[in-house]
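Enquirer: Below is the structure, and that's it, no one-letter string:
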């Protein structure tokens with residue numbers, strides 16, 4: 001995810017001793033080698049698609065068996081109070097490194113990776129663009145994964161991080177930008193951090209992503225993502241103007257034709273062959289006219305276009321399971337007008353327990369136990385609170 005600065009240290013600390021104890025229960029056989037074969041890189045999935053030991057990005061995220069026997073890690077995940085995506089323990093062997101790369105695919109474009117170091121030394125350095133930091137044990141960090149980054153373990157010990165992917169609510173980002181410390185801030189000042197310890201008697205509840213990839217990407221999102229890419233391409237002074245203009249034409253034609261298909265077929269199966277053909281034709285054109293275009297700090301523009309848009313805009317393999325899961329969703333039985341946001345989340349979320357957990361992310365205090373309802377496009381539209389009444393007769397009623 002793009003961030004204003006390369007690194008941010010969040011105002012939280014965790015119990016390194018308890019974390020070390022929990023990762024100590026795993027054997028060598030539990031660690032899965034990196035899916036791209038990065039030497040010395042291994043991981044244990046904690047939240048993954050269908051709760052299985054995989055490296056997938058698309059589908060319902062569920063806790064794995066490894067997380068089930070890690071009570072403190074579960075409490076840490078629940079403490080964020082966020083909708084959680086892929087999460088894992090990530091290990092880097094002595095002398096190994098995470099090679100230089102950027103996370104330019106659809107999953108990470110609007111998701112940040114929260115790093116909580118468990119075992120580490122000063123010889124472990126994290127590089128992002130032209131900055132580098134050592135993330136201390138028990139600390140909490142995020143970084144700009146859109147920029148080129150790498151990790152070097154120049155020690156004789158394994159480095160293990162708890163890594164949590166999440167998109168982040170408004171409260172989360174308020175914490176990042178108002179209460180955290182960026183790499184650009186004065187590092188000599190003390191960060192006022194909250195300690196989140198282990199409570200053996202506490203059970204946990206957390207929410208995981210259920211819908212994270214479209215069968216067919218709506219044209220508005222296609223247009224947004226391509227415009228984001230084009231803006232960065234146009235602002236990179238090393239790119240040739242003729243090539244930029246040619247790529248801009250390819251993008252504009254792709255969006256226009258995708259819109260025409262969307263208006264005819266939306267996500268229906270009859271349109272799938274047409275969407276697929278358009279994707280293939282567009283990639284051929286992009287490779288022919290824009291092969292050398294570069295993003296500002298993230299490598300090839302065409303590769304980013306492929307991973308962020310072309311690959312992500314069509315996921316027909318999810319169509320049946322998405323339809324089934326959407327039908328299974330039911331509204332909370334409690335009165336929508338009196339239910340607070342936490343109760344709505346609890347009723348609709350996949351969780352590990354029926355109890356609730358206190359979030360370490362500061363929440364906005366509610367007045368009179370009510371929640372703000374965003375106005376729909378029309379006052380005649382159904383009220384978003386779920387009451388079944390029109391907005392003008394419910395939360396939009398003029399007194």
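Expert: The structure has been received and is ready for your questions. Everything numeric in this text was worked out from a predicted model, so none of it was measured. Numbering: from 1, shown residues only.
Enquirer: helices and strands of this protein: which one bottoms out on pLDDT?
Expert: Least confident helix or strand of the chain, by mean pLDDT, DSSP states H and E, is helix 341-348 with a mean of 33.
Enquirer: Can you list the buried residues in stretch 212-219?
Expert: Under the neighbour-count criterion of 16 or more other CB atoms under 10 Å, stretch 212-219 has 212, 213, 214, 215, 216, 217, 219 buried. From N, CA and C alone the C-beta is placed, and that goes for glycine too.
Enquirer: Let's have those residues in TSV, adding distance to residue 57 and secondary structure.
Expert: Listed next are these as TSV, based on distance: CB to CB, whole Å; DSSP: H, G, I helix; E, B strand; the rest coil:
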residue	distance to residue 57	secondary structure
212	7	coil
213	7	coil
214	13	coil
215	15	coil
216	17	strand
217	14	coil
219	22	helix
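Enquirer: ok, so of those residues, who is nearest residue 300?
Expert: residue 217 (21.2 Å; CB to CB).
Enquirer: Please identify the buried residues of stretch 253-271?
Expert: Those would be 254, 255, 257, 258, 261, 262, 265, 267, 271, for stretch 253-271 by 16+ other CB under 10 Å.
Enquirer: could those be laid out in CSV, adding secondary structure, pLDDT and distance to residue 319?
Expert: Formatted as CSV, the buried residues of stretch 253-271 follow (DSSP: H, G, I helix; E, B strand; the rest coil; pLDDT from 0 to 100; distance: CB to CB, whole Å):
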residue, secondary structure, pLDDT, distance to residue 319
254, helix, 98, 22
255, helix, 98, 23
257, helix, 98, 22
258, helix, 98, 18
261, helix, 98, 16
262, helix, 98, 16
265, helix, 98, 13
267, coil, 95, 7
271, helix, 97, 12
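Enquirer: which one of these is nearest residue 299?
Expert: Residue 299 has its nearest neighbour among the buried residues of stretch 253-271 in residue 254, at 20.8 Å by CB to CB.
Enquirer: where exactly do the helices run in the stretch 151-300 of the chain?
Expert: Assigned by DSSP state H, counting those that start in this stretch, the stretch 151-300 of the chain shows helices spanning 170-179, 219-234, 241-265, 272-289.
Enquirer: Output the ones you listed as a markdown table; include the columns distance to residue 152.
Expert: Below are the helices of the stretch 151-300 of the chain laid out as a markdown table (distance: least, CB to CB, whole Å):
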| stretch | distance to residue 152 |
| --- | --- |
| helix 170-179 | 26 |
| helix 219-234 | 27 |
| helix 241-265 | 34 |
| helix 272-289 | 33 |
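Enquirer: before we move on, back to that, show me which pair in the buried residues of stretch 212-219 is furthest apart.
Expert: 212 and 219 (19.1 Å).
Enquirer: possible to save the buried residues of stretch 253-271 as a markdown table with distance to residue 191?
Expert: Converted to a markdown table, the buried residues of stretch 253-271 look like this (distance: CB to CB, whole Å):
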| residue | distance to residue 191 |
| --- | --- |
| 254 | 45 |
| 255 | 43 |
| 257 | 50 |
| 258 | 45 |
| 261 | 50 |
| 262 | 47 |
| 265 | 52 |
| 267 | 46 |
| 271 | 51 |
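Enquirer: where are the low-confidence patches of this protein?
Expert: 330-358, 363-392, 398-399 (pLDDT under 70).
Enquirer: centroid residue for it?
Expert: Centroid-nearest residue in the chain: residue 111, 2.5 Å away (criterion: CA atoms, centre = their mean).
Enquirer: what's that residue in contact with, if anything?
Expert: 1, 85, 165, 166, 167 (CB atoms under 8 Å, 6 or more residues apart in numbering).
Enquirer: isn't the last one right up against residue 109?
Expert: No - proximity of residue 167 to residue 109 does not meet the contact threshold set by CB atoms under 8 Å, at 9.9 Å.
Enquirer: more crowded one of those two?
Expert: Neighbour count, other CB atoms under 10 Å: between residue 167 and residue 109, residue 109 has more, with 20 against 17.
Enquirer: what about the more buried one, distance to residue 56?
Expert: 17 Å (CB to CB, to the nearest Å).
Enquirer: before we move on, what about residue 133?
Expert: Residue 133 is 30 Å from residue 56, by CB to CB.
Enquirer: Just put the contacts of residue 111 in a markdown table and tack on distance to residue 201.
Expert: Shown next, in a markdown table, are those (distance: CB to CB, whole Å):
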| residue | distance to residue 201 |
| --- | --- |
| 1 | 36 |
| 85 | 28 |
| 165 | 29 |
| 166 | 26 |
| 167 | 31 |
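Enquirer: now the end-to-end length of stretch 49-65.
Expert: 13 Å (CA to CA, to the nearest Å).
Enquirer: Just the buried residues of that stretch, please?
Expert: Under 16+ other CB under 10 Å, the buried positions of stretch 49-65 are 49, 51, 57, 58, 59, 60, 61, 62, 63, 64.
Enquirer: Right, I'll call it a day here.
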